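**Student:** Generate a structure from the sequence data that follows.
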Amino acid sequence: MRDRINAALKQAVKARETRRMATLRLVNAAIKDRDIDARGEGREAVTDEEILAILQKMIKQREESARIYAENGRAELAQQENEEIDIIQEFLPQPLSDEEVEAAIDEAIAETGAESLRDMGKVVSALKAKFPGRIDFGKASKVVKAKLAS
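**Tutor:** Coordinates of the predicted model:
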């Protein structure tokens, strides 16, 4: 994943795409910060799963900023945040459709043997292990809760 980001940055520099260049540099800086933290913990570098988490966090931050800008009549800044979101999302795996999420939840419930709300954590953990970055776990948790409550 790191190589894909660096290759995209080089391409953006050559094409002189300023927004893309700036966004990808921010992504690289966030990854390098996490690499430094990892070395402090005795690890070599961050994994692709950790890079995925960094990208997801960056998207959430920009979504929040875009919402605030839009509420305060700053359409140009909201547009800028949305452009950055689009650039970052290029590096995330394709999300599952609602039907695929539903099927994955049913499968996880069957695999874990979940029967009640107490087992919700097991189901969500199984989903996170199997589909990192491909499911909105906020929405999935509500579906899991509804299925286990009935």
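
**Student:** tell me the contacts of the residue nearest in space to the middle of the chain?
**Tutor:** For the chain, the residue nearest the mean C-alpha position is residue 56 (2.5 Å; C-alpha atoms, centre = their mean). If a contact means C-beta atoms under 8 Å, 6 or more residues apart in numbering, then residue 56 has 92, 133 as its contacts. In short, each C-beta sits where N, CA and C put it, glycine included.

**Student:** element containing it?
**Tutor:** helix 48-71 (DSSP states H and E).

**Student:** Show me which residues of that helix are buried.
**Tutor:** Buried positions in helix 48-71, judged by neighbour count with 16 or more other C-beta atoms under 10 Å: 50-52, 54-56, 58-59, 62, 65-66, 69.

**Student:** got it, and stretch 70-84?
**Tutor:** 78, 80-82, 84.

**Student:** same check, this time on stretch 118-125
**Tutor:** Buried-residue list, stretch 118-125, by 16+ other C-beta under 10 Å: 120, 122-124.

**Student:** need those residues in CSV with distance to residue 99, secondary structure and pLDDT, can you?
**Tutor:** Putting the buried residues of stretch 118-125 into CSV (distance: C-beta to C-beta, whole Å; DSSP: H, G, I helix; E, B strand; the rest coil; pLDDT from 0 to 100) gives the following:
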residue, distance to residue 99, secondary structure, pLDDT
120, 21, helix, 85
122, 23, helix, 87
123, 18, helix, 87
124, 19, helix, 86
